[in-house]
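**Student:** Using only what follows, build the 3D model:
(2 chains)
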Amino acid sequence: MTFASASAPARFTFGKPENTKLTLWLFLGPCVVYLIAFSVYPLIHSLRLSFTDLTAASGTGNFVGLENYRALIFDPLFWNAARNSAVMVTLAVALQVVLGVALAMFFNLHLRGSWIVRGILLLPMLMTPIVVGVMWRALLNPDWGLVDWAIRLIGIEPPDWLGSVDMAIVTLVLVDSWQWTPFVFVIVFARLQALPLEVFEAANVDGAGPFTTFRRITLPMLMPAIVFAAVFRAVDAFRSFDLIYGLSYGGPARGTITLAFFAFQNGFQFQNYGYAAAVAYSMLLVLAMGTTVMLRYVQIRPGAR
Amino acid sequence: MRPGRFVAYLTLIALGLIGVAPFLYLAVLSTKKRIEITAQVPPTLNFNWAQIAKNYNEVLFGQGMLSFTVNSLIVVAVATAIAIVIGTPAAYAFSRLKFKRSDSLASTILSMRFMPPIAVAIPLFIMMKFVGLTDSYAGLVLPYVAFSLPLVVWILIGFFDEIPREIDEAAMIDGATHFRILWRVMLPIIRPGLLTAALFGALFIWNEFLVALYVIDSRGLQTISLGAATLVSAQRPIDWNIAAAVGVVTVIPILIFSLFVQRYIVRGLTAGAVK
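**Tutor:** Numbering: from 1, shown residues only, chains lettered A, B, ... in the order given. Now for the predicted structure:
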């Protein structure tokens, strides 16, 4: 800004203004162009695929309009997967939020040595989901698994974890919760540590018991963190298929085929690219609705703005 | 000790066990003969070194897990480096340069972190086939940069936002351009952020295997998660001692990784979280 005089407030002497636009393009451009090329374009391509009958064998595929979507609506396997997804996501999020908040309150006691256990609890969520699935398949093996052995030790017959249709989805939820409850815990705990102590002292002075304090003060103040963690968990549980790949491969009797796994099966195992794309887009529709709600209620921009 | 305290410590120990026992069980299984796994319940802790060597030799060299690990390290390192180089200036721009709809663009980029991989895997495969990059490192690196980029940008926005604006305003008064500020002023301060972003971006693609399933044909080019997936798929009966050793081999790099992330794990996991 050549005409900026020495007396102008310092904060307005922003170098050369004609360069800021160029700088913006140079800084943002590569990132935006890259994501358009390797995320947005594939997404659009996927939408186009969902209107074709492309399979791995068929070369280019023909345009079939909404045929894939029509087929989806009348496909009992799709609705089975949708039901499983709904059950899995609901149960997993509910369980993980309750346990995660409980863990946060528990670690808030700051017992000696609890930092070691906190460190241990971080490990599961860093693990490759397929390996988590395989590991739990071993632990829950009906003939020789450690968990079944331990349950029989106290005189109870363990459930048929991965052998019964109704139990398998619960098992999937439990394993997912073993891996991801710490995620809810970490976020809620961080928030809990940041809460002002005065509020709790005031509640104490006013004679509020521990349960009243938790219900009336702690919980409301933790709510933003809980909602955030729940939304992240819901989305990640919804789109995860690799844990299922390792744990149950969708079985028994399609009992653990979620939408994500159904899309994976159609796209990879059966090589039905068009149909898989239609399933993927039905998932994106659910995700888009979910994200819209999330952006309405949760502020996700970090830092002060 | 008061009984309440006692119960609390018992709970703490139980939690630690729930977290760590599955890993230890996996490790113990990986030292056994195939028949011992079904015969010894629970598995005993007398270790036979020859058997351990045999199992791990089979997994690392016979099944190729060692070369899968090397492949993963190469692909993940290159993809993460590119994502950091592209993502850092973008995150700076979101934090420091005012422009129209910057918030909605930032949200759009974050929302890509939530994309189901199946929604892009097939088109990415078709793209890579079109440019002749299937069955190559590059065929994985290109999509993986796009997978880790949203995470990298979001983690870095958080770190940039924490740097007081007075610092860059002071540099601007001295006539520094945004390039100079980013390169000379910000980068030295933001180093923990770069590490966090790189580590979590890397973890995100370390575990990826759907795109790899499509893009990689030859066994020699498989990544660690793809290799693990093909070795231990729930589709078919498996040798549990070998499967357990495969599990241990995939866990070890992550254990090493976790030593680095401890301090930043909350930042990495909560990128975009409410403060």
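**Student:** got the contact list for residue 238?
**Tutor:** Using chain A here. Going by CB atoms under 8 Å, 6 or more residues apart in numbering or on different chains, A:F238 touches A:S85, A:V89, A:T258, A:L259, A:A260, A:M283, A:V286, A:L287, A:G290, B:P116. C-beta here means a position set from N, CA and C on the backbone, and glycine is covered the same way.
**Student:** Can you look at chain B instead?
**Tutor:** The contact partners of B:I238, taken as CB under 8 Å, 6+ apart, are B:L231, B:V232.
**Student:** and it, what are its phi and psi?
**Tutor:** Main-chain torsions, B:I238, degrees, to the nearest 10: phi -130, psi 160.
**Student:** Verify the stated contact: A:P159 with A:L174.
**Tutor:** No: with contacts defined as CB atoms under 8 Å, A:P159 does not count as touching A:L174, sitting 10.3 Å away.
**Student:** From the contacts of A:F238, which one has the minimum pLDDT?
**Tutor:** Least confident by pLDDT among those: that is A:G290, with 78.
**Student:** Count the residues that sit near that one.
**Tutor:** 16 (other CB atoms under 10 Å in any protein chain shown).
**Student:** What separation is there between it and B:I238?
**Tutor:** Going from A:G290 to B:I238 by CB to CB, to the nearest Å gives 36 Å.
**Student:** Mind listing what's buried along stretch A:220-231?
**Tutor:** Across stretch A:220-231, burial judged by 16 or more other CB atoms under 10 Å in any protein chain shown covers A:M221, A:L222, A:P224, A:A225, A:I226, A:F228, A:A229, A:A230, A:V231.
**Student:** Show me which pair in those residues is furthest apart.
**Tutor:** Taking CB to CB, the two most distant members of the buried residues of stretch A:220-231 are A:M221 and A:V231; they sit 18.1 Å apart.
**Student:** low pLDDT regions in the chain?
**Tutor:** In the absence of a named chain, chain A is used. Segments of chain A classed as low confidence (criterion: pLDDT under 70) are A:1-19, A:294-295, A:297-305.
**Student:** My question was about chain B, not that one.
**Tutor:** Those would be B:1, B:233-236, B:270-275, if you go by pLDDT under 70 across chain B.
**Student:** Can you tell me the element the residue of it found nearest chain A falls in?
**Tutor:** Distances between chain B and chain A by CB to the nearest CB are smallest at B:D161, namely 2.9 Å. B:D161 is part of helix B:137-162 when elements are defined by DSSP states H and E.
**Student:** Grab the most central residue of chain A for me.
**Tutor:** Central residue of chain A (CA atoms, centre = their mean): A:D236, 1.9 Å from the mean position.
**Student:** Report the contact partners of it.
**Tutor:** Contact analysis of A:D236 by CB under 8 Å, 6+ apart lists A:W180, B:F114.
**Student:** Now find how far off-centre the helix or strand harbouring it is within its chain.
**Tutor:** Assigned by DSSP H and E, A:D236 belongs to helix A:219-239. Centroid separation for helix A:219-239 versus its chain: 9 Å, with CA atoms, centre = their mean, to the nearest Å.
**Student:** try stretch B:38-46
**Tutor:** Offset of stretch B:38-46 from its chain centre (CA atoms, centre = their mean): 33 Å.
**Student:** Against chain A - does that stretch have any residue that ends up touching it?
**Tutor:** Yes: looking at stretch B:38-46 against chain A by CB under 8 Å from any CB of the partner chain, the contacts come from B:T38, B:Q40, B:V41, B:P42, B:P43.
**Student:** Please spell out which residues along the longest helix seen in chain B are buried.
**Tutor:** When chain B is parsed with DSSP state H, its longest helix is helix B:65-96. Neighbour-count burial for helix B:65-96 flags B:65, B:67-69, B:71-72, B:75-76, B:78-80, B:82-84, B:86-96 (criterion: 16+ other CB under 10 Å).
**Student:** Of these, which are in range of chain A?
**Tutor:** By CB under 8 Å from any CB, the members of these lying near chain A are B:I86, B:G87, B:P89, B:A90, B:Y92, B:A93, B:F94, B:S95.
**Student:** Against B:L26, how distant is A:A230?
**Tutor:** Counting by CB to CB, the gap from A:A230 to B:L26 is 30 Å.
**Student:** ah, wrong one, I meant A:A56
**Tutor:** 35 Å.
**Student:** Please compute how far the longest helix seen in chain A lies from its chain's middle.
**Tutor:** Across chain A, the longest stretch assigned as helix under DSSP H is helix A:76-107. Centroid separation for helix A:76-107 versus its chain: 10 Å, with CA atoms, centre = their mean.
**Student:** Could you see whether chain B lies near that helix?
**Tutor:** Yes: legend: contact between helix A:76-107 and chain B by CB under 8 Å from any CB is shown at A:L103, A:F106.
**Student:** if we can go back for a sec, got the ones next to chain A among the buried residues of helix B:65-96 as TSV, with distance to B:A243 columns?
**Tutor:** Output for these, formatted as TSV (distance: CB to CB, whole Å):
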residue	distance to B:A243
B:I86	38
B:G87	36
B:P89	44
B:A90	41
B:Y92	45
B:A93	46
B:F94	44
B:S95	45
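**Student:** Which member of those residues is positioned nearest B:I252?
**Tutor:** Closest approach between these and B:I252, by CB to CB: B:G87, at 28.0 Å.
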